[in-house]
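# Could you look at this predicted model? Sequence included:
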Amino acid sequence: MAATMLWGMLIMALAFWMYSIAIALYRVRAIILERERHTAWVAELPEMQR
Amino acid sequence: MSQRLVNWFKFASPASFYPLAGKMWPWFAAIGTVLAAAGLWISFFVAPTDFQQGEGYRIIFIHVPASWMSMFIYCVMAFWAAIGITFNTRLSGMMSSALAPTGALFAFLSLWTGALWGKPMWGAWWVWDARLTSELILFFLYIGYIALTAAIDDPRRADKAGAIISLVGVVNVPIIYFSVSGGTPCTRAPRCPSPRRRPWPPPCCGAC
């Protein structure tokens, strides 16, 4: 296998990792807001004041 | 040492993790975008044409990372499930729920790109061999996890039920891994004859 083939695949794997982490963090924030919506700390969040 | 442990456990609380996640996700998204642009550029413009498979091999730049991620994300889900069952932390179930759709996406992408590659190279979109079937089972496990957790109204009970699916289903991951690393099954070729089939796998394949 040519080195550029391997590098292309490894960089794409890293990109998929970063995407997965980013989207998981974004989604977990939404889940936290949904499940904790009745708590005081969520009510005090700036994004909930709008 | 104990101070470090206390700091880590602090983020098991949703109230502490929420702002941290808000700070981190844009960085990961930005790095992922840059890496994807670089990876696609190398994949399509820098990497040479394969001497056996021609340009069709370039689908591996999507297919292989997607397959890796589909397996890895399931292992992470099982890790969070184990943490949730052991320590009864609320965030663990939320992390598993947040990861499942991404894992399902990668499993589907792996199956789809595998079929797109398989048709010109093997002459068949799909064959019922160990690697394809075990990846399909992984996709069904993701779908089952999502359906089960969505079907239970109480989030804590849903997390516990989902954790059992995650922990039982993780057995499938080494099956996929070893079915892939075990070599290309040469028995596939006679089952799917096609005049357009290219010489793949090569005659010197170790599994023959």
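Received, thanks.

# residues near A:Lys13, how many?
In this structure residue A:13 is Ala, not Lys. Residues lying near A:Ala13 (other CB atoms under 10 Å in any protein chain shown) number 20. C-betas here are computed from N, CA, C, even on glycine.

# What of B:Gly123?
By other CB under 10 Å, 19 other residues sit near B:Gly123.

# So it versus chain A, what's the distance?
Look at B:Gly123 and chain A: by CB to the nearest CB, to the nearest Å, they are 24 Å apart.

# mind checking how far that residue is from B:Trp117?
Distance of B:Gly123 to B:Trp117, computed by CB to CB, to the nearest Å: 12 Å.

# B:Val180 too?
14 Å.

# For the chain, give the helix that spans the most residues.
Since you didn't name a chain, this refers to chain A. Counting by DSSP state H, the longest helix found in chain A is helix A:3-35.

# The intended chain is chain B.
Chain B, longest helix under DSSP H: helix B:90-122.

# tell me the domain boundaries of chain B?
Domains of chain B are assigned by automatic domain parsing as B:1-47, B:58-199.

# winner for burial among those?
Mean neighbour count (mean count of other CB atoms under 10 Å in any protein chain shown) peaks for domain B:58-199 among the domains of chain B, with a mean of 18.

# Any idea how far that domain is from the middle of the chain?
Averaging C-alpha positions (CA atoms, centre = their mean, to the nearest Å) puts domain B:58-199 5 Å from its chain's average.

# Which strands or helices does the longest helix of chain A pack on?
Judged by 3 or more CB pairs under 8 Å, 6 or more residues apart in numbering or on different chains; DSSP states H and E, the packing partners of helix A:3-35 are helix B:14-41, helix B:60-87, helix B:90-122.

# residues contacting B:Pro19?
Listed by CB atoms under 8 Å, 6 or more residues apart in numbering or on different chains, the contact set of B:Pro19 is empty.

# pLDDT score for it?
Per-residue pLDDT puts B:Pro19 at 91.

# circling back to that earlier point, switch the domains of chain B over to CSV, and while doing so, append distance to A:Ala22 to every line.
Shown next, in CSV, are the domains of chain B (distance: least, CB to CB, whole Å):
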stretch, distance to A:Ala22
domain B:1-47, 4
domain B:58-199, 10
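
# A:Ala30 is nearest to which of those?
Checking these against A:Ala30 by CB to CB gives domain B:58-199 as the closest, at 8.2 Å.

# so which residue of chain A comes closest to chain B?
A:Met18 (3.1 Å; CB to the nearest CB).

# State the helix or strand in which B:Phe140 lies.
In this structure, B:Phe140 sits in helix B:130-151 according to DSSP states H and E.

# Could you name the helices and strands sitting against that helix?
Contact here means 3+ CB pairs under 8 Å, 6+ apart; on that basis helix B:130-151 packs against helix B:60-87, helix B:90-122, helix B:155-169, helix B:172-181.

# hang on, the earlier thing: tell me who's in contact with the residue of chain A closest to chain B.
Residues near A:Met18 by CB under 8 Å, 6+ apart: B:Phe28, B:Ala29, B:Ile31, B:Gly32, B:Leu35.

# repeat for B:Trp25
Contacts of B:Trp25 were listed using CB under 8 Å, 6+ apart, and they are A:Ile21, A:Ala22, A:Ile23, A:Leu25, A:Tyr26, A:Arg29.

# give the contact list for B:His63.
Per CB under 8 Å, 6+ apart, neighbours of B:His63: B:Leu109, B:Ser110, B:Thr113, B:Gly114, B:Trp117.

# Can you tell me the closest non-neighbouring residue to the third one?
Put plainly, it is B:Thr113. B:His63 (4.0 Å; CB to CB, 6 or more residues apart in numbering or on different chains).

# Quick check, pLDDT for the one you found.
B:His63 is assigned a predicted lDDT (pLDDT) of 94.

# Also B:Phe178?
With respect to pLDDT, B:Phe178 scores 84.
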